[in-house]
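In: how does the following fold in three dimensions:
(chains A, B, C and D)
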Protein chains: 4
Amino acid sequence: MTIEGSTTTEGHRRLRLGMVGGGQGAFIGAVHRLAARMDDHYELVAGALSGDPERAVASAIELGIDPGRAYTDYKQMAARERRLKSGAEVVAIVTPNHLHYAAARAFVDAGIHVICDKPLVTSSHEAKLLCKAVERKEVLFTVTYNYSGYPMVRQARQMVAEGQLGDIRVVQVEYPQDWLSTPLEQSGQKQAAWRTDPAQAGPGGCIGDIGTHAYHIAGFVSGLKVESLCADLHTFVAGRKLDDHVQILLRFTNGARGMLWASQVAPGNENALRLRVYGTKGGLEWCQEDPNYLWYAPLGEPKRLITRAGAQSSTEAARVSRVPPGHPEGYLEGFGNIYTEFARAVMARQQGKSVDDEVTFPSVSDGADGIDFIEAAVKSSQRNGKWVTI
Amino acid sequence: MTIEGSTTTEGHRRLRLGMVGGGQGAFIGAVHRLAARMDDHYELVAGALSGDPERAVASAIELGIDPGRAYTDYKQMAARERRLKSGAEVVAIVTPNHLHYAAARAFVDAGIHVICDKPLVTSSHEAKLLCKAVERKEVLFTVTYNYSGYPMVRQARQMVAEGQLGDIRVVQVEYPQDWLSTPLEQSGQKQAAWRTDPAQAGPGGCIGDIGTHAYHIAGFVSGLKVESLCADLHTFVAGRKLDDHVQILLRFTNGARGMLWASQVAPGNENALRLRVYGTKGGLEWCQEDPNYLWYAPLGEPKRLITRAGAQSSTEAARVSRVPPGHPEGYLEGFGNIYTEFARAVMARQQGKSVDDEVTFPSVSDGADGIDFIEAAVKSSQRNGKWVTI
Amino acid sequence: MTIEGSTTTEGHRRLRLGMVGGGQGAFIGAVHRLAARMDDHYELVAGALSGDPERAVASAIELGIDPGRAYTDYKQMAARERRLKSGAEVVAIVTPNHLHYAAARAFVDAGIHVICDKPLVTSSHEAKLLCKAVERKEVLFTVTYNYSGYPMVRQARQMVAEGQLGDIRVVQVEYPQDWLSTPLEQSGQKQAAWRTDPAQAGPGGCIGDIGTHAYHIAGFVSGLKVESLCADLHTFVAGRKLDDHVQILLRFTNGARGMLWASQVAPGNENALRLRVYGTKGGLEWCQEDPNYLWYAPLGEPKRLITRAGAQSSTEAARVSRVPPGHPEGYLEGFGNIYTEFARAVMARQQGKSVDDEVTFPSVSDGADGIDFIEAAVKSSQRNGKWVTI
Amino acid sequence: MTIEGSTTTEGHRRLRLGMVGGGQGAFIGAVHRLAARMDDHYELVAGALSGDPERAVASAIELGIDPGRAYTDYKQMAARERRLKSGAEVVAIVTPNHLHYAAARAFVDAGIHVICDKPLVTSSHEAKLLCKAVERKEVLFTVTYNYSGYPMVRQARQMVAEGQLGDIRVVQVEYPQDWLSTPLEQSGQKQAAWRTDPAQAGPGGCIGDIGTHAYHIAGFVSGLKVESLCADLHTFVAGRKLDDHVQILLRFTNGARGMLWASQVAPGNENALRLRVYGTKGGLEWCQEDPNYLWYAPLGEPKRLITRAGAQSSTEAARVSRVPPGHPEGYLEGFGNIYTEFARAVMARQQGKSVDDEVTFPSVSDGADGIDFIEAAVKSSQRNGKWVTI
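Out: All right, here's what the predicted structure looks like:
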């Protein structure tokens, strides 16, 4: 153990941050703000926090935003903020899925950097358009596959990349929850309502909400691409319009095999995202609910429990750690790492530099890949489990 | 906790036991003998322990068997033991798979009760013939899906049967190992050699050796039947003739969904059989490597850790427990439970009674069901994951 | 599970925060700043971050503090900030222990609220003087026994207070580490150096650094007072001037018994603070390294795993939770809870209100109690384990 | 992993075993019989199973003992069995504690080898006399500190002995239970009744029943001797005549420190014996309820989870393992290891050989040491925690 000074740089300069969505009563908006504050690289200066004018202003005031920069329309916000001398430099999109595309597009087109919640958009068509816009406008863009921000996930990725597991053969990933075991959406619970509504969530329910997280982390850590998949999506709760249970077989381009399970009807599971990767020389296991631990099993040796910032933690993990081992960092810190690394990239860009080798965050094309995954899974399932290429 | 007297009855009368296979250098034979001794219901009196005469006799002597009852041929053994006044009443078949059918058949036909290792036989054709013979000869027969002997597996089954989980929606089962991550069979290791040889193991490698265990326990606990499956069997180790990795999607007759994963190339896994069952009212989780624990999650309440013989352990679990909670029982005790319950059935039968409601052991038709599973999985995989009905 | 909006209020108004200590290279200062930012209730406006003028200014600039408010002397800082119209309202003391008293005293006397790291001071004499000053000046004061900020620690405290465990009989607390297993202080490692130097750390080494945390949490959760103790303090590493290993028997005023173990020479332990409380009706167990879980064992029933913000989490735990269950909160969030609750108290005080029933933070007298504990333990150990009254 | 043939030898020749105590309704007698059967080295041939003649005979018949060798008096049994041509070669004493001395003495004096449950006797005076008798009569004697039979405990001992932990500094051992949280003895529960009755249990309650186990395993693994102790024994349950809670500080002859906690009133604990040993180079942790795992933390490296029969399991562990890793062995197997190794010693002795280097079982002097420990702890506690030399 070491308790040297924090490795994460604080402060210096704060980027001016705007937010779309995330007004009073929202969930993920508050998480984004906590993440943004974590390492003090952002200052919240503007927001289209709600479409309702009263709520938009009230939310802004509550968050210390100048009411003059409380918008009800993201288009208006994009138009005005781009012209302000101290306009927002980065905007976070934290609305339900169906608004992601238009909102993100507005800021990208305005030349403002974007942090967008997942899934990126609701169709591969939108995804392609957005990717092109990002490329054209040369803005920085990240999609908050936030689990890739956990230090031990970074460590796992680095260990695989460095060959410590040998050639990867098997990737098992799962993300069970239980909160939709009953028809919660019928009770008016806001989070359940939009997530189970195709008009707001897009074509995927469970697969879009948590299946994409599982898919992303599997690729992020293993470094592998899924070539094709065979899916069985199912809806258990009567009256629900989208899938609440997902089972998929995976084949990777290198010949590896895998399984992906996501469920919202598995009692006893909160956010039990778990990844296991096996290669010719060793295996790894990581669970989101116990994120400071990484199990590493070199073939033929006892399993080792690597801890965040502890012995044999890797450079990539250390870069995104704040406190000594044995003092757990959690979900917000992991989420904050995406924000912090994105801030470093933005500030470097503003100075005409690149820090590509020193920061890691999911890109717009990672987001687009997630949409392709959803569409392939829906298609395979509709065809009774036919293998579909991504 | 209670430390009252052991609930498992000992001794009284010992059944005369014969064994086919299990001579010097074998693995599972010793396990069967330990299981038979556990509660003192058997006495080993005869054996065709090896096809090699010298080894057969040496093995017999080592095990305290009268050399006059050391056979090299199970047919001869069946013929003679049936005629002896104190001939074997029960015979355990512990050979490689390809010999199961003929050996089991010989004793069944001789009217001798049989305990047979799994998988039952190597084809559904043999399985059907054996089932018929068992029915015709009215002998008792069990196949050692030994994991169903663990007390907490019994408890899980009882809880499901009593409706504590509501309607079952999801069954996740997995059995990863790592011991065949390398081409161990090429080193002459006996256990690896026969298990990867189609001539001795039958059409399934990993799926026959451990996949069948996973399949059995899933049905045993959930009380559900698999209606159809979609399989992707794979061989990772170059030169290996049978599958060493199994991934299957399951659909149950009641509409439940499931996944089955079995692998012999997953570093860090020894015998990590794990079952998770989720219903409308709750969930259960059990792991073979920590068999004295059963996680029970009633929907909307904290998870509970039920311990063997501890608070709220069920009648079915208590019946097969020997020692107080906190004193772990293991693999051999679970295996022994199959032997003990089978002995109770045999002794009841000999007295013209039935104890069907008081004992539980996998039947010959459970064994046949396992063979159907293997064949369906192989077929589905050969057809690139087409759904195949069992 | 629920994923409703965050329960912790953000923003509104930020308190002006000053800091003493915590300049470049320090450890705990950065933690305090992260804690202060967590819920956006503070703005860092002034600091005596270092005694070295150059470092003081550089550190200030790095943290976004106006260099004009970068002090090298806390007395000067206290004198000036009290007179500024927008002077610091709260000051955090994060220096080595020997400076706590004078620094805290300077701000208390200036009528500025204080957040002080632990142990409070280095003698019970100083502690008494400080308590009196706090009372006289009517400022708010907290000492960062930060582990009491964890939601599940709050839940444990509430469950005990509500009688769910019955009468408390046994309190077992331990805090093992391994980072001082070698003479690290001789290598120049700054954290090790001052913590093992009586001139900076005070009379206790391990007992002051982590033993006090264990002592505080034991009392915080159990609601019990230690009446007397029997201690064996030991130094294992040659040349070390303070204890690095602490073993204590405890007797509580209600007749309960307990043990306290703290060690800095126990390889494999990072910050393994663990508390177990047993009463006539049940038991609780909590570990700092897995802080989102609380084991609850009602006598005669299976153990339950209560999760932060999950089923049956209590009102006191919910008040200090930010994100849904299964999304772990960690050390910084727990630390942040002390800051946030203190901020709520300060803002209420400024409005002439009291929120005593709605916030919880360790008081100056809790800090003084910790100093009494250190002195009693040192005394008992010097007298070869004689029972000493606290 | 390997699944080679069992390493534990079976059968060959069975020693003739007698038993004193352990009739119908008893607990530990059945455990001893299971242990004796485990590896087939014993045959139960005689017993003084009960003082009640009818029960003695009924118990014998139930266990397959010739009624002609069912005694009601151990003296008569010793006298007769020594003269029989095929008399008992080994006798197991499984009565309540107060009868251990006289019964053991009778068989030792008859030249019959003895396996005696713990604690050995009820006073150090008896212990000394018994040790002398054993020496004089040159019989083999073991006391069933059965936890020392677990493979991973053997591994831990070997690792310490080989210096893998460096010089041992700290030994923490605990054994909490909850079954005596209420005055169970007043309900007529037989096990509770005699264990809380000084006339049958001797001077120690909790300390004799489970504290001695903790004490033994601490010395067994660490290889250290306790020099002195400081104890606080307590009785929480009103009306109970013996201690139900034990807290002790330990000092070892090499300067190491330790703590021993045993309790029978800690809800949620079944048989949670746990040992932690820390040296200059590493640490070890083992828990009886999860006995197939041994945590090993080399200083400055990640912790490793060594599994029974798995990678890096030691020769001493392998010698007492029966089945491959991942197939848990439990309490009965560990207990059986004491029986098996004792059998090997007895058979070697009968052949004029010694296998001292190849077998390990607790000796009569280990038993006497446990009695000294009880007396020292009682004395220290009576003197209000004065340090007492063992």
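In: where exactly do the strands run in chain A?
Out: For chain A, the strands defined by DSSP state E cover A:15-20, A:42-48, A:90-93, A:113-116, A:141-143, A:168-176, A:226-234, A:245-252, A:257-263, A:274-279, A:282-287, A:293-298, A:303-307, A:388-389.
In: for those, give me CSV that also has mean neighbour count and distance to chain B.
Out: Quick note: C-beta positions are derived from backbone N, CA and C, even for glycine. Below are the strands of chain A laid out as CSV (neighbours: other Cβ atoms under 10 Å in any protein chain shown; distance: least, Cβ to the nearest Cβ, whole Å):
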stretch, mean neighbour count, distance to chain B
strand A:15-20, 26, 33
strand A:42-48, 25, 35
strand A:90-93, 28, 33
strand A:113-116, 27, 31
strand A:141-143, 27, 28
strand A:168-176, 26, 5
strand A:226-234, 23, 5
strand A:245-252, 26, 5
strand A:257-263, 26, 5
strand A:274-279, 26, 4
strand A:282-287, 23, 4
strand A:293-298, 22, 3
strand A:303-307, 22, 5
strand A:388-389, 15, 11
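In: which one of these lies nearest to residue D:148?
Out: strand A:303-307 (25.5 Å; Cβ to Cβ).
In: what's the closest one packed up against?
Out: If you count contacts as 3 or more Cβ pairs under 8 Å, 6 or more residues apart in numbering or on different chains; DSSP states H and E, strand A:303-307 packs onto strand A:293-298, strand D:303-307.
In: enumerate the residues of the stretch 51-200 of chain A near chain B.
Out: Selection of the stretch 51-200 of chain A residues close to chain B by Cβ under 8 Å from any Cβ of the partner chain yields A:165, A:169-170, A:172, A:178, A:181-182.
In: of those residues, closest to chain D?
Out: residue A:165 (15.7 Å; Cβ to the nearest Cβ).
In: excluding its backbone neighbours, what's nearest that closest one?
Out: Closest residue in space to residue A:165, ignoring its immediate chain neighbours: residue A:279 at 3.3 Å, by Cβ to Cβ, 6 or more residues apart in numbering or on different chains.
In: how many neighbours does residue A:51 have?
Out: For residue A:51, the neighbour count with other Cβ atoms under 10 Å in any protein chain shown is 15.
In: got it, and the one 10 residues further on?
Out: Around residue A:61 sit 14 other residues, with neighbours defined as other Cβ under 10 Å.
In: so what's it up against?
Out: Residues counted as contacts of residue A:61 (Cβ atoms under 8 Å, 6 or more residues apart in numbering or on different chains) are A:67, A:70.
In: show the pLDDT at it.
Out: With respect to pLDDT, residue A:61 scores 92.
In: any idea how far residue A:321 is from it?
Out: 35 Å (Cβ to Cβ, to the nearest Å).
In: who is residue A:20 paired with across the strands?
Out: residue A:48, residue A:93 (DSSP bridges).
In: and for residue A:170?
Out: Bridge pairing for residue A:170 - DSSP bridges - gives residue A:257, residue A:278.
In: tell me who's in contact with it.
Out: A:256-258, A:276-278, B:245, B:263, B:265-266.
In: average pLDDT for stretch A:208-223?
Out: For stretch A:208-223, the mean confidence score works out to 98.
In: and it, how far from the chain's centre?
Out: 9 Å (Cα atoms, centre = their mean, to the nearest Å).
In: and residue A:256, what is it in contact with?
Out: A:168-171, A:222, A:224.
In: and residue A:266, by the same measure?
Out: A:176-178, A:181, B:170, B:276, B:278, B:283.
In: do the same with residue A:354
Out: residue A:348 are the contacts of residue A:354 under Cβ under 8 Å, 6+ apart.
In: distance check, the residue nearest the centre of chain A against residue A:258.
Out: Among the residues of chain A, the one closest to the centroid is residue A:145, at 1.4 Å (Cα atoms, centre = their mean). In this view, residue A:145 and residue A:258 are 17 Å apart by Cβ to Cβ.
In: also residue A:50?
Out: Taking Cβ to Cβ, one finds residue A:50 at 41 Å from residue A:258.
In: quick check: end-to-end length of stretch A:300-308?
Out: Counting by Cα to Cα, to the nearest Å, you get 24 Å between the two ends of stretch A:300-308.
In: how far is it from where the chain is centred?
Out: Averaging C-alpha positions (Cα atoms, centre = their mean) puts stretch A:300-308 27 Å from its chain's average.
In: does residue A:121 touch residue A:133 like I think?
Out: No: using Cβ atoms under 8 Å as the test, residue A:121 is too far from residue A:133 to be in contact (11.5 Å).
In: which of these two has more neighbours?
Out: Between residue A:121 and residue A:133, counting by other Cβ under 10 Å, residue A:121 is the more crowded of the two (28 against 18).
In: reformat the contacts of residue A:256 as a markdown table; add distance to residue B:86.
Out: As requested, these are exported to a markdown table (distance: Cβ to Cβ, whole Å):
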| residue | distance to residue B:86 |
| --- | --- |
| A:168 | 59 |
| A:169 | 54 |
| A:170 | 52 |
| A:171 | 57 |
| A:222 | 61 |
| A:224 | 63 |
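In: isn't residue A:379 right up against residue A:388?
Out: Yes: Residue A:379 lies in contact with residue A:388 (Cβ under 8 Å); the separation is 5.2 Å.
In: how about the residue lying farthest from the centre of chain A, what does it touch?
Out: In chain A, counting by Cα atoms, centre = their mean, residue A:300 sits farthest out from the average C-alpha position, at 34.9 Å. For residue A:300, the contact set (Cβ under 8 Å, 6+ apart) comprises residue D:311.
In: now with 10 Å, please.
Out: A:281-282, B:178-179, B:181-182, B:267, D:1, D:310-312 (Cβ atoms under 10 Å, 6 or more residues apart in numbering or on different chains).
In: pLDDT value on residue A:294, please?
Out: Residue A:294 is given a pLDDT of 98.
In: any idea how far it is from residue A:217?
Out: Following Cβ to Cβ, the distance that separates residue A:294 from residue A:217 is 13 Å.
In: give me the common contacts of these two.
Out: With Cβ under 10 Å, 6+ apart as the test, residue A:294 and residue A:217 both reach A:150, A:153, A:156, A:275, A:286.
In: so what's the last one bridging to?
Out: On DSSP bridges, the residues paired with residue A:286 through beta bridges are residue A:275.
In: against residue A:329, how distant is it?
Out: Residue A:286 is 14 Å from residue A:329, where distance means Cβ to Cβ.
In: now the second one
Out: Using Cβ to Cβ, residue A:153 is found at 12 Å from residue A:329.
In: now do the shared contacts for the two.
Out: A:291, A:320, A:337.
In: in a markdown table: those residues, plus pLDDT.
Out: As requested, the shared contacts of residue A:153 and residue A:329 are exported to a markdown table (pLDDT from 0 to 100):
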| residue | pLDDT |
| --- | --- |
| A:291 | 98 |
| A:320 | 96 |
| A:337 | 98 |
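In: of these, closest to residue B:65?
Out: Among these, and counting by Cβ to Cβ, the member closest to residue B:65 is residue A:291, at 56.4 Å.
In: please name the nearest non-neighbouring residue to that closest one.
Out: residue A:150 (4.8 Å).
In: surely that neighbour meets residue A:317?
Out: Yes: using Cβ atoms under 10 Å, residue A:150 is in contact with residue A:317, at 8.8 Å.
In: what residues are shared contacts of the two?
Out: Contact with both residue A:150 and residue A:317 is made by residues A:156, A:294, A:308, according to Cβ under 10 Å, 6+ apart.
In: can I get those residues in a markdown table including distance to chain C?
Out: Output for these, formatted as a markdown table (distance: Cβ to the nearest Cβ, whole Å):
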| residue | distance to chain C |
| --- | --- |
| A:156 | 17 |
| A:294 | 14 |
| A:308 | 10 |
